[in-house]
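Asks: Pasted the sequence and its predicted model underneath.
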Amino acid sequence: MGVSMKKLISKKIIGYLSANTVIIIYGILSLSLELFSLVFFNCSPFIIHPVFPILLWSSILLSLVLLESKRLKAIYSFFFLLVQCLLILGCDYLFFSNGTVFERSMINQRNDAYATIEQFYVTPSLLFTCIASLVCYLTFLIIYLRKCRKIGKLKIKYKKRNRIIAVGINLAFVVSLIIIPISDNIATTDYESILYNSDNSYQKLGISGNFIYEMLRVNNSNIVGISDLSNLEASIYSQRCDASAYNGISSGNNLIMILAESLEWYPMQIYSKELTTQIYPNLSRLLSESALCENFYSKEKTDTAEALTLIGSNPSGKYVHNDFAGNSYPYSLPNLFHQIAVADGDEDVVIRSFHQNTGSFYDRSTVHKSFGFDELIDINAMKEFGVINTWNMAHRERNLDSLTMNAMKDEMFLSDHRFFTYWISFSTHGFYNKRDNLKEYYEKFDELCVFPEGDKQKNYLRTYAAAVADLDKAIGIMYDDLKKKNLLQTTTILMVADHNTYYNGLSSYAKDIDTQFNPELYRVPMIIYDQKLTAAMDATGKSRTISKFTTTSDVIPTLTDLFKIPAWQNLYLGSTIFNEDKESIIYSRAYNIFITDKYIAYSLNDLKYEDPDATQEKKSDFVDRALIHLNRLENIDKIFYSDYFSDHEYKASEIP
């Protein structure tokens with residue numbers, strides 16, 4: 001009897017496996033593809049929190065089980081595998097072009113994102129793996145279905161009871177798939193745990209799991225608890241921004257801030273100083289007359305870097321430009337500059353932003369108004385000044401910085417009003433295929449025998465270097481115009497890169513770095529031109545080179561220090577660069593990663609880079625800086641998510 005029962009059970013198992021061969025093969029192939037593809041996103045081939053992905057795959061597999069026809073099982077399973085491959089390749093392109101993982105808020109910028117696509121690139125080995133998987137699976141299905149047709153077993157009969165059970169389990173899984181993202185959306189973030197737990201999105205949920213999770217999240221729900229704001233006011237006004245020995249030295253000055261797209265040091269360091277001066281005469285002059293941050297680092301998307309330079313912070317879980325564009329920001333740099341200008345008697349101060357792309361990109365027309373700019377002058381508004389939008393033409397050439405600067409200089413630099421001008425450059429924006437409108441710089445390179453043509457990466461470098469040359473030309477136009485208007489002595493210029501040249505992997509190539517986990521990859525320029533500042537530094541024998549670790553969040557505290565603008569420290573994530581005893585840290589909201597010049601880590605339990613010379617004291621300092629950052633971030637998140645200053649007065653006037 002026992003033997004017969006075993007045979008019966010064994011027969012049923014074999015029969016069940018035979019009836020669901022397609023589902024089993026699909027499940028194994030889909031899971032293998034998912035885990036293998038993680039390697040291409042700087043992850044290990046496993047998923048840290050598999051519950052959500054398991055629910056996702058279970059829902060798909062059970063859906064296939066419910067299908068009576070083997071032909072339908074084959075068609076739908078191939079469709080699911082095809083969608084998975086397309087999703088993986090799409091995420092690979094996103095990771096290549098932006099260095100980020102997929103988030104739902106990116107859909108808000110889909111139309112503008114399409115306009116930036118210059119080439120579609122996916123990792124060849126990943127593309128081959130996806131194609132091979134699809135071809136092999138399709139071949140298997142064709143052979144399998146032909147065999148089933150011959151023996152007349154294309155249809156499977158289900159008992160009513162089994163079907164009801166399968167439907168019930170599937171519904172439970174689907175409900176769970178929906179409930180988990182919603183419940184996560186309304187949960188309060190445990191900020192300290194961020195430092196100790198890995199939160200790489202793809203490593204955490206897998207590629208498919210992360211995509212479905214993001215799509216199911218309730219976009220308007222909060223992921224930050226804002227029910228209790230009772231201690232927020234005390235936190236905001238508990239500490240004033242630090243003052244350095246240069247506090248107020250720029251008082252009364254105009255301010256020009258340049259967010260330099262993808263600007264790097266290396267084009268200006270490849271050749272000798274004499275040759276570099278010929279290639280980039282204006283940048284060379286600017287560097288020689290300015291204070292320089294030699295250890296300035298940034299690993300941010302452009303919009304995040306922009307937010308950090310204008311409001312000094314960015315939220316967890318969402319983006320300022322997409323999700324908080326209409327918030328009130330009385331602590332933003334434009335609003336603070338307006339406040340101090342009026343206090344100085346300059347009530348007609350002009351505060352404007354400029355960018356030769358459309359104002360809809362990153363919703364800048366809305367968010368810049370919220371930041372406190374009088375207006376954003378975009379490429380459409382520049383048409384009346386003669387700026388041609390080459391971005392909309394057939395070759396999709398970047399709108400050149402030099403042409404923009406030449407046409408807009410009288411709007412940017414006013415001789416009869418105090419002004420704050422914020423300009424986002426564009427020439428150096430990737431990708432770096434050959435561009436017709438950079439011809440004059442290519443010809444100059446050939447005359448000087450620099451940045452020669454060659455293989456694909458050399459050509460990318462040549463185009464990028466030519467784009468930097470156009471930025472250099474724009475800097476020269478600006479310098480000459482300020483000198484002509486007698487404004488050089490009374491104008492502070494701060495130029496900061498938004499991020500490295502991750503497009504086309506150019507930064508890795510130029511710096512000969514074969515990993516994403518090396519701080520040098522993210523070391524970019526920050527330059528402060530201010531004649532009063534440099535005179536004071538020279539007078540005391542102080543080096544004009546700031547050697548401590550600095551980052552984008554330090555920009556506003558530095559400017560409030562130089563201009564002696566009243567500001568509260570806990571509204572900002574950084575500190576002034578002129579106090580040597582305080583260093584900031586990068587915690588990138590887009591990459592969920594901590595960065596200093598000594599460490600790169602998803603968490604303390606997931607260190608990706610540690611300086612060989614780093615001591616235990618340095619590691620403790622890293623932890624302390626991260627915790628200070630996260631403690632500030634907790635209250636900053638509450639300000640964003642509650643739009644705190646829409647119905648609370650900003651008490652800047654109480655600062656002496």
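Replies: Noted; the coordinates are in hand.
Asks: now the strands: where do they sit in this structure?
Replies: Applying DSSP state E to the chain gives strands spanning 254-260, 291-293, 296-297, 350-355, 375-377, 419-424, 491-497, 526-529, 545-546, 550-551, 586-588, 593-595, 599-603, 606-610.
Asks: got the contact list for the last one?
Replies: Contacts made with strand 606-610 from outside it, assessed by Cβ atoms under 8 Å, 6 or more residues apart in numbering, are listed as 42, 198, 200, 515, 517-519, 593, 598-602, 619. Using the backbone N, CA and C atoms, a C-beta is placed for each residue, glycine as well.
Asks: Break the chain down into its domains, please.
Replies: 2-216, 232-654 (automatic domain parsing).
Asks: okay but residue 102 is in contact with residue 92, surely?
Replies: No - counting by Cβ atoms under 8 Å, residue 102 does not reach residue 92; the two are 10.7 Å apart.
Asks: between the domains of the chain, which one is nearest to residue 224?
Replies: Closest of these to residue 224 is domain 232-654, at 4.4 Å (criterion: Cβ to Cβ).
Asks: Now the weakest link among the domains of the chain, please, by mean pLDDT.
Replies: Among the domains of the chain, domain 2-216 has the lowest mean pLDDT, at a mean of 76.
Asks: Which parts of stretch 408-416 count as buried, going by neighbours?
Replies: By neighbour count with 16 or more other Cβ atoms under 10 Å, stretch 408-416 contains the buried residues 408, 409, 411, 412, 413, 414.
Asks: Quick one: residues in contact with it.
Replies: Against stretch 408-416 from outside (Cβ under 8 Å, 6+ apart): 254, 256, 350, 352, 354, 377, 382, 385, 387, 405, 419, 421, 423, 477-478, 481-482, 485-487, 491.
Asks: first to last residue in that stretch, what's the distance?
Replies: For stretch 408-416, the first-to-last residue distance is 16 Å (Cα to Cα, to the nearest Å).
Asks: before we move on, what about stretch 485-500?
Replies: 34 Å.
Asks: for stretch 545-558, same thing?
Replies: Its start and end residues considered, stretch 545-558 measures 15 Å (Cα to Cα).
Asks: ok now it, how far from the chain's centre?
Replies: The chain centre lies 19 Å from the centre of stretch 545-558; the measure is Cα atoms, centre = their mean, to the nearest Å.
Asks: Distance-wise, check the nearest residue to residue 510 once chain neighbours are set aside relative to residue 255.
Replies: Of all residues not flanking residue 510 in the chain, residue 266 sits nearest, at 4.8 Å (Cβ to Cβ, 6 or more residues apart in numbering). Relative to residue 255, residue 266 is positioned 28 Å away (Cβ to Cβ, to the nearest Å).
Asks: The two: who's more crowded?
Replies: residue 255 (23 against 19; other Cβ atoms under 10 Å).
Asks: For the more buried one, which non-adjacent residue is closest in space?
Replies: Ranked by Cβ to Cβ, 6+ apart and with sequence neighbours excluded, the top spatial neighbour of residue 255 is residue 420, at 4.5 Å.
Asks: I would like the residues contacting stretch 435-453, please.
Replies: The contact list for stretch 435-453 (Cβ under 8 Å, 6+ apart) reads 267, 270-271, 275, 278-279, 390, 395, 397-398, 400, 458-459, 461-463, 465-467, 469-470.
Asks: swap that for stretch 643-656, please
Replies: Applying Cβ under 8 Å, 6+ apart, the external contacts of stretch 643-656 come out as 229, 232-233, 237, 240, 324, 326-331, 336, 339, 566-568, 638-639.
Asks: Take those residues and keep only those in helices.
Replies: Among the contacts of stretch 643-656, the members found in helices (DSSP state H) are 232, 233, 336, 339, 638, 639.
Asks: can you redo those as JSON lines with distance to residue 371 and neighbour count?
Replies: Supplementary listing: the ones in helices among the contacts of stretch 643-656 in JSON lines, determined by distance: Cβ to Cβ, whole Å; neighbours: other Cβ atoms under 10 Å:
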{"residue": "232", "distance to residue 371": "21", "neighbour count": "18"}
{"residue": "233", "distance to residue 371": "22", "neighbour count": "13"}
{"residue": "336", "distance to residue 371": "11", "neighbour count": "24"}
{"residue": "339", "distance to residue 371": "14", "neighbour count": "20"}
{"residue": "638", "distance to residue 371": "19", "neighbour count": "22"}
{"residue": "639", "distance to residue 371": "14", "neighbour count": "27"}
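Asks: and the two most separated of these?
Replies: Across the ones in helices among the contacts of stretch 643-656 (Cβ to Cβ), the longest gap, 23.5 Å, separates 339 and 638.
Asks: Drop anything exposed from the contacts of stretch 435-453.
Replies: Buried among the contacts of stretch 435-453 by 16+ other Cβ under 10 Å: 267, 271, 279, 390, 397-398, 400, 459, 461-463, 465-467, 469-470.
Asks: which among those gets closest to residue 614?
Replies: Closest to residue 614 out of these is residue 267 (29.8 Å), distances taken as Cβ to Cβ.
Asks: Next one: the spatially most central residue of the chain from residue 588, what distance?
Replies: The centre of the chain sits closest to residue 301, judged by Cα atoms, centre = their mean, with a distance of 2.6 Å. Per Cβ to Cβ, residue 301 is found 9 Å from residue 588.
Asks: so what's the residue nearest to residue 255 bridging to?
Replies: Going by DSSP bridges, residue 420 is paired in beta bridges with residue 255, residue 351.
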